[in-house]
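**Q** A predicted structure for the sequence below; I have some questions about it.
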Amino acid sequence: QQRGRKYNLFLKRRLRIDKRHQSKDSIFFRDGVRRIDFVLSYVDDLNKEWEKKLERRKEFESNLQKAGLELETEDKKESEDGKIYFVKIHAPWEVLITYAEVLNIKVPIKENDIPSMVENPLDCMLAPLRLPEKVMHPEPDYFTAPFSKDKQELYLINDESTFFSPSMRNRIVNYILTRCPYGTEEGKKKFGIKRLLNNGTYSAAYPLHDCQYWKKANDPNCDSERYTLYMEWARFLRFYKEQPLDLIRKYYGEKIGIYFAWLGFYTEMLFLAAVVGLICFLYGLFTMDENMSSKEICDPAIGGEIIMCPLCDRECDYWRLNTTCESSEYSHLFDNVATLFFAIFMGIWVTLFLEFWKRRQARLKYEWDLVDFEEEQQQLQLRPEYEAKCTQKKKNPVTQEMEPYLPITSQAVRFCISGTTVLFWVSLIIASMIAVIVYRLAVYAAFASLMENAQTLQPISGLLTPQLATSVTASCLNFVIIMILNFLYERIAIWITDMEIPRTHMEYENRLTMKMFLFQFVNYYSSCFYVAFFKGKFVGYPGAYTYMFNRWRNEECDPAGCLIELTTQLTIVMAGKQIWGNIQEAIVPWICNWWGRRKARSNPENLYSRWEQDHDLQTFGALGLFYEYLEMVIQFGFITLFVASFPLAPLLALMNNILEIRVDSWKLTTQYRRPVAAKAHSIGVWQEILNGMAILSVVTNAFIVAFTSDMIPRLVYYYAYSENEDSPMSGYINNSLSVFQISDFPDRNKPKLNPEDFVICRYRDYRYPPDHERKYLHSMQFWHILAAKLAFIIIMEHVVFIVKFFVAWMIPDVPADVKAKIKREKYLTQKILHEYELEKLKERLCQGDKRATEKEFIATEGRMELSRAI
């Protein structure tokens with residue numbers, strides 16, 4: 001009996017294999033002719049909602065067929081696990097041309113006759129970076145015009161089955177799916193595949209990849225573009241090659257294409273910033289031995305004889321300045337003259353990047369037929385959720401048609417709730433940052449006490465000073481808190497944006513972007529702002545220290561400055577985010593897919609169909625690109641806002657981005673279902689965010705150079721207070737440390753032990769000594785330095801802003817040749833359309849059509865002449 005069961009199972013599998021032998025990896029219906037444009041899947045689970053879901057599916061699929069779509073269902077017995085039904089959807093020619101007109105899709109009318117750009121003399125040198133021409137430009141360049149059903153003979157329709165690309169087809173089908181009704185519930189009309197996915201009626205909805213990524217499709221009618229993308233783009237060994245942007249756009253749509261174009265351009269521009277940053281770092285490395293400040297700190301006769309005041313109350317002891325010898329040497333790597341040059345350079349670099357990107361974007365808009373896209377965007381992308389939730393209607397003043405709208409009172413209430421929620425979460429971040437500061441203050445004394453040994457005044461272990469130990473552990477703790485808050489806030493931001501019911505898709509994305517960016521900005525940068533602009537600035541002085549919450553004494557900077565701590569903070573948060581991001585993006589989807597496909601490996605490949613293979617992949621959601629942009633924009637902030645403290649930041653970003661491009665392309669090509677194609681003519685609101693950060697970066701870097709680094713105090717000493725003409729910087733350390741008389745310590749601050757009976761100790765500030773009549777008040781040098789810092793900020797900001805605006809004015813947003821091509825294409829397109837209308841009018845006149853009058857003919861000819869003149 002058991003043998004009989006096995007034999008029956010074998011026969012069943014054999015029959016399935018024979019049935020699908022011709023189409024195991026096919027993207028066509030069973031007839032092998034009609035292309036599968038979309039797939040819906042569902043599990044027929046017998047729970048209490050079963051009948052309701054069945055009714056919804058019947059109604060929905062019936063309405064899809066009424067809309068002209070053709071359906072073919074694969075029974076669950078045919079699926080790999082025997083549980084999932086698959087509904088395959090095909091859009092016939094009549095549906096495609098109807099909705100191509102609705103969606104204003106541009107199609108070819110004539111091959112482009114404008115000569116290509118003059119060859120670059122460097123092309124021969126760049127040949128190793130190039131991809132084959134067929135990969136870079138998979139289609140000829142055409143003049144295009146919006147599709148119209150009445151003018152089909154005008155377009156270059158060679159084959160109806162391939163005239164609309166697969167990405168156009170899935171975009172059209174998705175448009176129908178998102179607006180197709182499926183019944184009335186609770187007195188409200190329900191529609192859209194998104195609702196059906198949310199309530200479990202369907203488990204997935206997706207367009208198909210055209211083949212497996214590791215081998216070409218067996219069907220000669222399939223272009224195997226996924227395989228080409230994987231071989232030429234998605235493998236890390238191709239990291240030095242250019243990206244096939246036209247093929248990416250053809251396969252995934254313009255929205256994903258523009259993201260990879262921006263990411264590639266950003267990475268190219270980072271190369272220049274990385275080279276200059278590396279040169280500045282090497283300058284600091286090679287001049288480390290010439291740094292007079294660290295020489296004096298390390299000199300036993302100078303730094304070894306300077307007794308510093310305790311770093312914490314009661315528990316900490318006096319210490320000698322030369323215990324910070326190594327950290328002062330390494331701080332010179334980032335705190336030197338090159339820091340100023342690099343800060344100014346990056347202010348100009350960011351302007352060049354943004355201006356040249358505008359030019360690159362303008363070229364892509366022309367090449368990808370997106371020049372007139374803005375008008376379409378507003379008309380076509382009304383969100384189905386908005387239409388469903390807004391029951392009231394009013395007349396549109398432009399179209400004079402009734403359309404849904406949200407009353408102003410409802411909008412105001414929703415915005416108030418949204419604003420309050422965002423404010424609460426931003427306050428939560430600030431509270432967490434204060435908690436980290438309290439941690440720093442609380443453990444600082446513990447680290448200082450632990451690192452003291454029996455020989456208290458001898459040099460302590462190398463670089464591991466109490467300041468550095470506190471900074472590293474606090475940075476790691478801060479990074480963990482950042483990740484946790486990010487995870488929670490992402491869901492809150494989506495919820496409150498949904499609650500606002502934005503009208504269009506663009507409006508939805510812009511609102512979500514601003515909420516997420518505001519949160520991420522505060523979350524990622526608050527700790528860096530604290531170290532850069534607050535730490536060590538409000539310390540007080542021995543005997544009159546300032547305390548947080550009247551309990552924890554505020555932190556002091558290292559005698560060599562706070563810049564090295566800012567560098568540490570920046571490195572940990574930036575590197576940690578990039579490593580964690582790559583783990584999330586690459587390893588997690590791979591593990592999920594491996595786990596999902598583990599059962600399929602035990603079955604013959606013949607039983608694992610194309611729609612099942614794609615079903616087992618991860619979903620690239622509507623917000624997939626949003627997170628990619630957010631990650632890169634946060635990185636952009638790290639390399640611009642705080643770059644004066646870490647010249648190697650652009651180099652780290654460059655290495656990450658080279659990996660990022662290949663990781664993003666690999667996961668999109670191999671680990672995710674094919675996303676629905678979407679149009680975009682720019683990077684959207686991210687452009688404005690980048691512009692804002694570029695302006696803010698000039699201010700932050702000016703403040704970092706002035707207040708966080710030691711450059712201005714050194715320059716003031718060099719020009720105004722130095723007494724040694726042969727070595728102007730000698731004596732700087734002694735000059736920068738004030739004197740405190742130990743007997744003036746109150747009991748709260750006084751160390752428990754003073755084994756060597758020291759009389760005075762030194763601290764980092766510019767104050768009068770104890771024997772001066774203005775005892776412990778700020779000295780005149782302090783005010784000179786403060787004035788110099790403020791003057792430097794004003795001068796640096798004005799110089800950089802003037803150069804930035806001059807560069808922006810000098811570089812036009814649209815290249816001259818692109819402007820000429822746009823005008824030429826508009827002229828030729830109008831000419832072709834007018835000639836077509838004239839021919840049709842002539843035909844009507846010849847056929848004796850009474851409606852085609854001679855005046856109409858003259859008017860049409862006159863319009864052509866006027867068009868030529870314009």
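**A** Nice, thanks for sending it over.
**Q** spatially speaking, which residue is in the middle of the chain?
**A** Centroid check for the chain by Cα atoms, centre = their mean gives residue 629 as the closest residue, at 1.8 Å.
**Q** Output the contacting helices and strands for the one helix or strand that one maps to.
**A** In this structure, residue 629 is located in helix 624-641 according to DSSP states H and E. If contacts are counted by 3 or more Cβ pairs under 8 Å, 6 or more residues apart in numbering; DSSP states H and E, helix 624-641 sits against helix 254-286, helix 337-367, helix 505-533, helix 563-582, helix 649-666, helix 686-703. Bear in mind the C-beta positions are built from the backbone N, C-alpha and C, glycine included.
**Q** Using a markdown table, lay out those together with mean neighbour count, mean pLDDT and distance to residue 245.
**A** Formatted as a markdown table, the helices and strands packed on helix 624-641 follow (neighbours: other Cβ atoms under 10 Å; pLDDT from 0 to 100; distance: least, Cβ to Cβ, whole Å):
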| stretch | mean neighbour count | mean pLDDT | distance to residue 245 |
| --- | --- | --- | --- |
| helix 254-286 | 19 | 94 | 5 |
| helix 337-367 | 20 | 92 | 8 |
| helix 505-533 | 20 | 85 | 22 |
| helix 563-582 | 21 | 82 | 23 |
| helix 649-666 | 21 | 92 | 11 |
| helix 686-703 | 19 | 92 | 18 |
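**Q** Please convert the ones you listed to a markdown table, extending it with distance to residue 430.
**A** A markdown table is the format used below for the helices and strands packed on helix 624-641 (distance: least, Cβ to Cβ, whole Å):
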| stretch | distance to residue 430 |
| --- | --- |
| helix 254-286 | 30 |
| helix 337-367 | 27 |
| helix 505-533 | 7 |
| helix 563-582 | 17 |
| helix 649-666 | 25 |
| helix 686-703 | 18 |
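**Q** any low-confidence regions in the stretch 51-200 of the chain?
**A** When residues are selected by pLDDT under 70, those of the stretch 51-200 of the chain lie in 115-123, 186-188.
**Q** try it again with 90
**A** Residue ranges of the stretch 51-200 of the chain with pLDDT under 90: 51-54, 74-83, 101-162, 178-192, 194-195, 197-200.
**Q** With just CA atoms, put stretch 656-664 into PDB.
**A** Output of stretch 656-664 as PDB, limited to C-alpha atoms (Å, rounded to 0.1, in the frame of the first residue of the first chain):
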ATOM      1  CA  ASN A 656      30.900  52.500   1.700                       C
ATOM      2  CA  ASN A 657      29.200  53.800  -1.400                       C
ATOM      3  CA  ILE A 658      31.200  51.700  -3.800                       C
ATOM      4  CA  LEU A 659      29.900  48.700  -1.800                       C
ATOM      5  CA  GLU A 660      26.400  50.300  -1.400                       C
ATOM      6  CA  ILE A 661      25.800  50.500  -5.100                       C
ATOM      7  CA  ARG A 662      26.600  46.800  -5.600                       C
ATOM      8  CA  VAL A 663      24.700  45.700  -2.500                       C
ATOM      9  CA  ASP A 664      21.600  47.700  -3.500                       C
END
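**Q** ok, and what's touching that stretch?
**A** The contact list for stretch 656-664, computed with Cβ atoms under 8 Å, 6 or more residues apart in numbering, reads 234-236, 238-239, 243, 260, 263-264, 266-267, 270, 578, 582, 585-586, 628, 632, 635.
**Q** if we go to 7 Å?
**A** Residues from elsewhere that reach stretch 656-664 (Cβ atoms under 7 Å, 6 or more residues apart in numbering): 234, 236, 239, 263-264, 266-267, 270, 578, 582, 585-586, 628.
**Q** Relative to residue 310, which of the residues you listed is nearest.
**A** Nearest to residue 310 among the contacts of stretch 656-664, counting by Cβ to Cβ, is residue 578 at 38.7 Å.
**Q** Restricting to C-alpha, output stretch 752-772 in PDB.
**A** Only the C-alpha atoms of stretch 752-772 are listed here, as PDB (Å, rounded to 0.1, in the frame of the first residue of the first chain):
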ATOM      1  CA  LYS A 752      41.000  63.200  49.600                       C
ATOM      2  CA  LEU A 753      44.800  62.800  49.100                       C
ATOM      3  CA  ASN A 754      47.600  65.200  48.300                       C
ATOM      4  CA  PRO A 755      50.700  63.100  49.000                       C
ATOM      5  CA  GLU A 756      53.200  65.500  47.600                       C
ATOM      6  CA  ASP A 757      51.700  68.600  49.200                       C
ATOM      7  CA  PHE A 758      51.100  70.500  46.000                       C
ATOM      8  CA  VAL A 759      50.300  74.200  46.400                       C
ATOM      9  CA  ILE A 760      49.000  75.000  43.000                       C
ATOM     10  CA  CYS A 761      47.400  73.100  40.100                       C
ATOM     11  CA  ARG A 762      46.600  74.100  36.500                       C
ATOM     12  CA  TYR A 763      43.400  74.000  34.500                       C
ATOM     13  CA  ARG A 764      42.500  74.700  30.900                       C
ATOM     14  CA  ASP A 765      41.100  78.300  30.700                       C
ATOM     15  CA  TYR A 766      42.200  81.900  30.400                       C
ATOM     16  CA  ARG A 767      41.700  83.400  33.900                       C
ATOM     17  CA  TYR A 768      43.700  85.600  36.200                       C
ATOM     18  CA  PRO A 769      46.000  83.900  38.800                       C
ATOM     19  CA  PRO A 770      45.100  83.800  42.600                       C
ATOM     20  CA  ASP A 771      47.500  86.700  43.400                       C
ATOM     21  CA  HIS A 772      45.800  89.000  40.900                       C
END
